[in-house]
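1. the following comprises the amino acid sequence and a computationally predicted model.
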Amino acid sequence: MHTCNCPHCGQALELRPAVIQDVDLFGVPTSTQKPSASTTRLPDRFEEWWSHYPRKIAKVACRKKWKAKKLDARAEMLIGALLEQIEHDEKWKEGFIPHPSTYINQERWDDEVQYAVEPVEVNHDLEMIRKAREAAERDNLQY
């Protein structure tokens, strides 16, 4: 098990290795041995994802969608995307958080994070602009 930090907020994320099985072009396992239960079943990661989700609504329906879409295999990515949205997305910060089953049904983890845009203060040096205009007029230059 490894940990890494979110590049944006520095929050520690726990990374678990995925179970990978060799398959041919048709998705059939190439091993002649029967896969054991430990190599074919991934741990149920729904509870971990749910613990991070800020809206706690219709957990049973949400779990069914999670299982139907077989999201345990993609749990690291889903949790990372969720944490990124919670921490940085302006709409989420304003309280516009989708229903958790909507999040899963519409695969909202693929939504682009709307980062806050900090207002930029523009400080024009009026004296510098005036001097540039005077110099241009002296030299008969167009600006």
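-> Okay, I see it.

2. check the secondary structure at residue 95 for me.
-> Three-state assignment for residue 95 (DSSP: H, G, I helix; E, B strand; the rest coil): coil.

3. can you give me the helices for this protein?
-> Secondary structure of the chain (DSSP state H): helices located at 37-40, 46-52, 59-68, 75-88, 90-93, 100-105, 126-138.

4. deepest-packed of the ones you listed, please.
-> helix 100-105 (a mean of 20; mean count of other C-beta atoms under 10 Å). No exception for glycine: its C-beta is placed from N, CA and C like everyone else's.

5. which residues does that one contact?
-> Here helix 100-105 makes contact (C-beta atoms under 8 Å, 6 or more residues apart in numbering) with 50, 53, 55-59, 61-62, 65-66, 69, 71, 108-109.

6. at 7 Å instead, please
-> With C-beta atoms under 7 Å, 6 or more residues apart in numbering as the test, helix 100-105 has contacts from 53, 55, 57, 58, 61, 62, 65, 66, 69.

7. distance-wise, check residue 136 relative to residue 82.
-> Applying C-beta to C-beta, to the nearest Å, the value for residue 136 to residue 82 is 56 Å.

8. and the helices of the chain: which comes nearest residue 117?
-> Of all the helices of the chain, helix 90-93 sits nearest to residue 117, with 8.3 Å by C-beta to C-beta.

9. average pLDDT for that closest one, rounded please.
-> Averaged over helix 90-93, pLDDT sits at 91.

10. swap in stretch 49-69?
-> On average, the pLDDT along stretch 49-69 is 94.

11. ditto for stretch 117-133
-> Mean per-residue pLDDT for stretch 117-133: 72.
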